[in-house]
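Chemist: here is a sequence together with a model predicted from it:
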Amino acid sequence: MKINKDLCDICGTCPSVCPVEAIKIKEFEVLIDNEKCKKCQNCVKICPVQAIYEQQEAKEPSQSNLSKETNFISKNEIKHPIEYDAIVIGAGPAGSVAARFLAENGCSVLILERDREPGIPVRCAEGVSHNGILPYIEIDERWISATIDGARLHSPNGDSLDMYNNGTGYVLDRRVFDRSLADLAVSKGAILQTKADAVGLLRDSENKIIGVKYRHENSFIDVRSKIVIGADGIESQVGRWAGFDTCLKLSDLEICCQYTVNNIKIEKHLCQFYFGKEVAPGGYLWIFPKSETQANIGIGIAGIKSLPGKGPRYYLDKFMEKHYPQASINYMIYGGVPTRAGNDFVRQNVMLVGDAAHQVNPITGGGTVQAMMGGHYCGETAAKLIKQGNITEKSLKKYNEKWENRFGQNQRFMYALKSKFFGFDDNKFNSIVSICKKIPRDDFNLQSLFKETIKEDPILLAQLATAFLVSKVTK
């Protein structure tokens, strides 16, 4: 397999679907070990920019050095170690919130961020709920692009339906938002190191994880810690190094493409969603306004529906040509979103959080709020056990229990609903919108939409009632 480096956006999706761990991201480059590769074509199918292809010509020199590389670093190779209570890899919302809760509870924390600053590159539609972020940061107009109070759902036949009564939301400026979360962690005592690319876990002679090896500029640095937290996204190399099975099925992955566009006219306080097999097979298309003339317009399609030449960008370009031919594209982003939530986030003294732990909403693919809540549970649990001197895999799994108690039932329901909802044909989508339009505006919300979606499935209907009850009780 080969990678066209001119096309590759280093979005991190391909490593997450490789069943033999033949794909790695190293020093801002995607590398394929062709000796390990089984030619399953998963990476070809899901690459949003079609940068991966099977080489038919003469075989290139082997990259077997990748498979011979080890993330095991002998204890004797560690020089002048600096020890922290915890090292957090990744300064997105999950990593920064985890670091903040560790630091404010008196723990020493090092955050390693691969890029030059938190919040770049932006790989997010940037939508969040007010109630979701309020517990973790004071609302600041600097990182709010638009305030949202409703959503418009578009069926395949062109009909539409407005939905309110789901609370206030925001479209963020994620670069400023992420920076603010990282600043908050630093204000509590965490240390942030940017341009710091983790390349492996340190292990002692008994194979116990004792820290992290990272590259900063032209130097490799070994740092010891009691706990390592992987907040390094969907591709989570930390997870693989620690022994997690991070490989996703194509059916549990949404492949996404998004344009931020100008020169359009939209309703600033309304998000819009389009459904249908000709618009977004196995997923949906969104419009998140940032002003009356600017928006994030993006699409996510099921990994099993993505084909060479007919990936997410193909469908997004068709939509733009039909609805917004006059739009000017400021920039585009690509990425993958896990849609099957995880439930086991601990190996030895390594904890995963955020996209690395697949802590997302299975239906929407949204993960910012879940990442912050995961960071809260992760950091709080780790801090308590560090203080107690009780750092074992068993004790750290209290983090799993916190997540399960808050999200487990709801996540399982959402996953079952996702499988059903995105399996509908266009006629079913048309019917749902038509029927829901008869519900009085003041009574119509997400719960009533879900009820209509699954009214012929009594098991799912019961799960819906339980999931909403649990969500009310545990808020």
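Modeler: Yep, it's here.
Chemist: just checking, what packs against the strand or helix carrying S419?
Modeler: Using DSSP states H and E, S419 maps to helix 409-421. Counting contacts by 3 or more CB pairs under 8 Å, 6 or more residues apart in numbering; DSSP states H and E, helix 409-421 is packed against helix 446-453, helix 458-473. (Glycine included, C-beta is placed from N, CA and C.)
Chemist: next one: I301 from I82, what distance?
Modeler: According to CB to CB, to the nearest Å, I301 stands 45 Å off from I82.
Chemist: higher neighbour count, these two?
Modeler: Taking other CB atoms under 10 Å, I301 and I82 do not tie; I301 has more neighbours (30 against 12).
Chemist: mean pLDDT lowest for which of the helices and strands packed on helix 409-421?
Modeler: Lowest mean pLDDT of the helices and strands packed on helix 409-421: helix 458-473, a mean of 47.
Chemist: residue boundaries of the strands in the stretch 301-450 of the chain?
Modeler: 328-338, 346-347, 350-352 (DSSP state E, counting those that start in this stretch).
Chemist: how about the stretch 51-200 of the chain?
Modeler: Using DSSP E, counting those that start in this stretch, strands in the stretch 51-200 of the chain cover 52-53, 83-89, 109-112, 127-129, 144-148, 150-154, 160-163, 169-172, 191-193, 196-203.
Chemist: distance to F220 added to these, as TSV?
Modeler: Formatted as TSV, the strands of the stretch 51-200 of the chain follow (distance: least, CB to CB, whole Å):
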stretch	distance to F220
strand 52-53	29
strand 83-89	15
strand 109-112	13
strand 127-129	37
strand 144-148	39
strand 150-154	48
strand 160-163	52
strand 169-172	35
strand 191-193	13
strand 196-203	7
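Chemist: burial-wise, tell me which of these comes out on top.
Modeler: Mean neighbour count (mean count of other CB atoms under 10 Å) peaks for strand 109-112 among the strands of the stretch 51-200 of the chain, with a mean of 28.
Chemist: give me the average confidence score over that one.
Modeler: 96.
Chemist: which other helices and strands contact it?
Modeler: So strand 109-112, by 3+ CB pairs under 8 Å, 6+ apart, packs with strand 83-89, helix 93-104, helix 174-187, strand 191-193, strand 196-203.
Chemist: ok, which of those comes nearest I3?
Modeler: Among the helices and strands packed on strand 109-112, strand 196-203 comes nearest to I3, with 18.4 Å by CB to CB.
Chemist: pLDDT on the closest one, on average?
Modeler: Strand 196-203 comes out at a mean pLDDT of 94.
Chemist: stretch 133-149 now?
Modeler: 94.
Chemist: need the residues that contact that stretch.
Modeler: Contact with stretch 133-149 is made by 97, 126-127, 130, 164, 168-174, 176-177, 180-181, 184, 268-271, 288-291, 368-369, 372, 376, as judged by CB atoms under 8 Å, 6 or more residues apart in numbering.
Chemist: buried ones among those?
Modeler: With neighbours counted by 16 or more other CB atoms under 10 Å, the contacts of stretch 133-149 contain buried members at 97, 126-127, 169-174, 177, 180-181, 184, 268, 270-271, 288-290, 368-369, 372, 376.
Chemist: okay, the angle between the longest helix anywhere in the chain and helix 409-421?
Modeler: Longest helix of the chain, by residue count under DSSP state H: helix 368-388. Taking axes from the mean of the first three to the mean of the last three CA atoms, to 10 degrees, one finds that helix 368-388 is oriented at 150 degrees with respect to helix 409-421.
Chemist: return the distance of helix 368-388 from the chain's centre.
Modeler: 17 Å (CA atoms, centre = their mean, to the nearest Å).
Chemist: quick check: buried residues in it?
Modeler: Buried-residue list, helix 368-388, by 16+ other CB under 10 Å: 368-383, 385-386.
Chemist: show me how the protein divides into domains.
Modeler: Under the assignment automatic domain parsing, the domains of the chain span 1-69, 75-121+175-247+340-396, 144-164+249-338, 416-473.
Chemist: what about K26, neighbour count?
Modeler: 13.
Chemist: what separation is there between the closest residue in space to it that isn't next to it in sequence and F444?
Modeler: Nearest non-adjacent residue to K26, counting by CB to CB, 6 or more residues apart in numbering: V199, 7.0 Å away. For V199, the distance to F444 equals 51 Å [CB to CB].
Chemist: run through this structure and note the low-pLDDT ranges.
Modeler: 27-28, 56-81, 445-448, 450-475 (pLDDT under 70).
Chemist: let's see it at 50
Modeler: Along the chain, segments meeting pLDDT under 50 span 57-81, 460-461, 464-465, 467-475.
Chemist: give me the most central residue, it.
Modeler: Nearest residue to the geometric centre of the chain (CA atoms, centre = their mean): D355, 3.8 Å.
Chemist: correct me, but it touches A94?
Modeler: Yes: in this structure, D355 is within contact of A94 by CB atoms under 8 Å, at 7.4 Å.
Chemist: any common contacting residues for these two?
Modeler: What both D355 and A94 touch, as defined by CB under 8 Å, 6+ apart, is the set A371.
Chemist: Y259 is in contact with Y324, correct?
Modeler: No: with contacts counted by CB under 8 Å, Y324 stays clear of Y259, the gap being 9.3 Å.
Chemist: the two: who's more crowded?
Modeler: More crowded of Y324 and Y259, by other CB under 10 Å: Y259, with 22 against 19.
Chemist: what are the buried residues along the strand or helix carrying that one?
Modeler: Using DSSP H and E, Y259 sits within strand 253-262. For strand 253-262, a neighbour-count test (16+ other CB under 10 Å) marks 253-261 as buried.
Chemist: now the angle from that strand to strand 328-338?
Modeler: Using the same axes, to 10 degrees: strand 253-262 against strand 328-338 is 160 degrees.
Chemist: starting at the chain centroid, how far to strand 253-262?
Modeler: 13 Å.
Chemist: can you check stretch 166-183 too?
Modeler: 15 Å.
Chemist: ok, stretch 233-241 next?
Modeler: With CA atoms, centre = their mean, you get 12 Å for stretch 233-241.
Chemist: which other residues reach that stretch?
Modeler: For stretch 233-241, using CB under 8 Å, 6+ apart, the contacting residues are 12-16, 21, 24-25, 71, 89-90, 92, 198, 200-201, 228, 230, 232, 244, 246, 248, 335-338, 350, 352, 354-356, 358.
Chemist: re earlier: would you mind finding the most buried of the domains of the chain?
Modeler: domain 75-121+175-247+340-396 (a mean of 21).
Chemist: help me confirm that P156 comes into contact with P281.
Modeler: No: look at P156 against P281 with CB under 8 Å: they stay out of range, at 11.3 Å.
Chemist: spit out the contact partners of the residue nearest to the centre of the chain.
Modeler: 92, 94, 233-234, 236, 337-338, 367, 371.
Chemist: state the distance from the closest residue in space to L181 that isn't next to it in sequence to I191.
Modeler: Residue nearest to L181 in three dimensions, not counting chain neighbours: S96, with 4.0 Å by CB to CB, 6+ apart. Between S96 and I191 the computed distance is 12 Å (CB to CB).
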